[in-house]
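S.K.: structure here, sequence nowhere to be found:
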């Protein structure tokens, strides 16, 4: 994985534990908002990312693809996979705007039919599937390759899809996640929606006023239990339940009562054979936008009643990484289980007047965590909840 707080999983863990945010002003996006709107930007230029990925020729490789390739290489190394082509492996990738980060730089050149140049090689990268195919080609993942784009729930849905392929017996292994680079298009779009805070974001705080956008990539290797046992792999955790729902309340706002979020969490726990009392931590979607936090908070109160477990948003660390968020936060959930820690909700001071619950603001160490719910909710009422459990729980 790679995010604003680290170039790999261990660096991300150290930043979480040190309560060190990656939010700041952009160095790499040429935007009029550069010194106005804080973002969670990966601290590497595209040239540095290409070097990390070991690419001698980066023709056609956008920043989105490079972020994904760096994260993918770590995921395969971590899983002990030296030759991904040896075993038929599905690759389910997520992105919301594909290579927009680079094509927007040449937009007016593309519009001019008389113009020729190397910029023409970048036109196809706008397709979200372009980064997927390039990552697959570089790593030898060829059995089943596809792209999911469901806004902020994209990579959570990628994990669900990979798990379903394994459960159906179509593959033994699936690598699932997402990649997202900051773009002027995205920054301008969310700013037009008045969804960006000029301060560091304040999830679940009464004074919240929007999100900070971020970028990053993360992938998880899912395997059937029997396949993992045959190759003597050590599972880091179990994806024990999942569900996505769509309440279709509004194009950009969730149901005020959290109907879709409630159903996604409830059914994911039901699938895992768990009750709300079995959950020790919820990694909430927690964007710090006015509508999302009310909706998600009400869903938590409906599901857990008076016994809401510790919950926090990790977006004050990374920014909202859109399509990559579900996978990044799934890894943070695995870390919570394996390191027995609960991450703090940074920047919180005042409980929301609509809720009776508040997020966890302390770093909790030596905290017994066996089951985590990780939420990712997207535009269009697209809600995804994952239940991640200690293996052998």
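M.R.: Arrived safely, thanks for sending. Only a predicted model underlies this, so the values are computations on that prediction, with no experimental measurement involved. Numbering: from 1, shown residues only.
S.K.: distance check, residue 202 against residue 190.
M.R.: From residue 202 over to residue 190 the distance is 16 Å, taken as Cβ to Cβ, to the nearest Å. The way it works is simple: take the backbone N, C-alpha and C, and place the C-beta from them, glycine included.
S.K.: those two: which has the busier surroundings?
M.R.: Neighbours were tallied for residue 202 and for residue 190 using other Cβ atoms under 10 Å; the higher tally belongs to residue 202 (24 against 20).
S.K.: does the more buried one touch residue 345 like I think?
M.R.: No - contact criterion Cβ atoms under 8 Å: residue 202 and residue 345 do not qualify, at 9.1 Å.
S.K.: Provide a list of residues in contact with the residue nearest the centre of the chain.
M.R.: Centre of the chain computed as the mean C-alpha position; nearest residue by Cα atoms, centre = their mean is residue 325, 1.6 Å away. Taking Cβ atoms under 8 Å, 6 or more residues apart in numbering as the contact definition, residue 325 lies against 152, 155-156, 178, 180, 285, 315, 318, 376.
S.K.: which one of these sits closest to residue 302?
M.R.: Using Cβ to Cβ, residue 285 comes nearest to residue 302 of the contacts of residue 325, at 15.6 Å.
S.K.: mind listing what the closest one touches?
M.R.: 152, 261, 292, 296, 313, 325, 375-377 are the contacts of residue 285 under Cβ under 8 Å, 6+ apart.
S.K.: one more: residue 144?
M.R.: So residue 144 contacts 88, 90-91, 165, 170-171, 174 (Cβ under 8 Å, 6+ apart).
S.K.: need the helix or strand of this protein with the lowest average pLDDT.
M.R.: Using mean pLDDT, DSSP states H and E, helix 107-111 stands out as the lowest-scoring helix or strand of the chain, at a mean of 90.
S.K.: give me the average confidence score over the helix or strand just after that one.
M.R.: Sequence order places helix 128-139 as the next helix or strand after helix 107-111, per DSSP states H and E. Averaging pLDDT along helix 128-139 yields 96.
S.K.: pLDDT-wise, what's the bottom of the contacts of residue 144?
M.R.: Within those, pLDDT is lowest for residue 88, at 91.
S.K.: from residue 16, how far off is that one?
M.R.: Going from residue 88 to residue 16 by Cβ to Cβ gives 35 Å.
S.K.: these two - which one has more neighbours?
M.R.: Neighbours were counted for residue 88 and for residue 16 using other Cβ under 10 Å; residue 16 has more, 22 against 13.
S.K.: residue 346 is in contact with that one, correct?
M.R.: No - look at residue 16 against residue 346 with Cβ under 8 Å: they stay out of range, at 10.2 Å.
S.K.: now do the shared contacts for the two.
M.R.: By Cβ under 8 Å, 6+ apart, the residues touching both residue 16 and residue 346 are residue 317.
S.K.: re earlier: in the contacts of residue 285, find the pair that's most separated.
M.R.: 261 and 325 (14.9 Å).
S.K.: hang on, the earlier thing: just the buried ones from the contacts of residue 144?
M.R.: Neighbour counting over the contacts of residue 144 (16 or more other Cβ atoms under 10 Å) leaves 90-91, 165, 171, 174 as the buried ones.
S.K.: columns secondary structure and distance to residue 67 on top of the residues you listed, output as JSON lines?
M.R.: Shown next, in JSON lines, are the buried ones among the contacts of residue 144 (DSSP: H, G, I helix; E, B strand; the rest coil; distance: Cβ to Cβ, whole Å):
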{"residue": "90", "secondary structure": "strand", "distance to residue 67": "21"}
{"residue": "91", "secondary structure": "strand", "distance to residue 67": "16"}
{"residue": "165", "secondary structure": "helix", "distance to residue 67": "24"}
{"residue": "171", "secondary structure": "coil", "distance to residue 67": "25"}
{"residue": "174", "secondary structure": "strand", "distance to residue 67": "20"}
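S.K.: of these, closest to residue 5?
M.R.: Using Cβ to Cβ, the buried ones among the contacts of residue 144 come closest to residue 5 at residue 91, 25.4 Å.
S.K.: tell me the bridge partners for that closest one.
M.R.: Residue 91 has the following beta-bridge partners by DSSP bridges: residue 145, residue 175.
S.K.: do I have it right that it meets residue 138?
M.R.: No - using Cβ under 8 Å, residue 91 is not in contact with residue 138; the gap is 11.0 Å.
S.K.: for the contacts of residue 325, which one is nearest residue 57?
M.R.: In terms of Cβ to Cβ, no member of the contacts of residue 325 lies closer to residue 57 than residue 180, at 23.6 Å.
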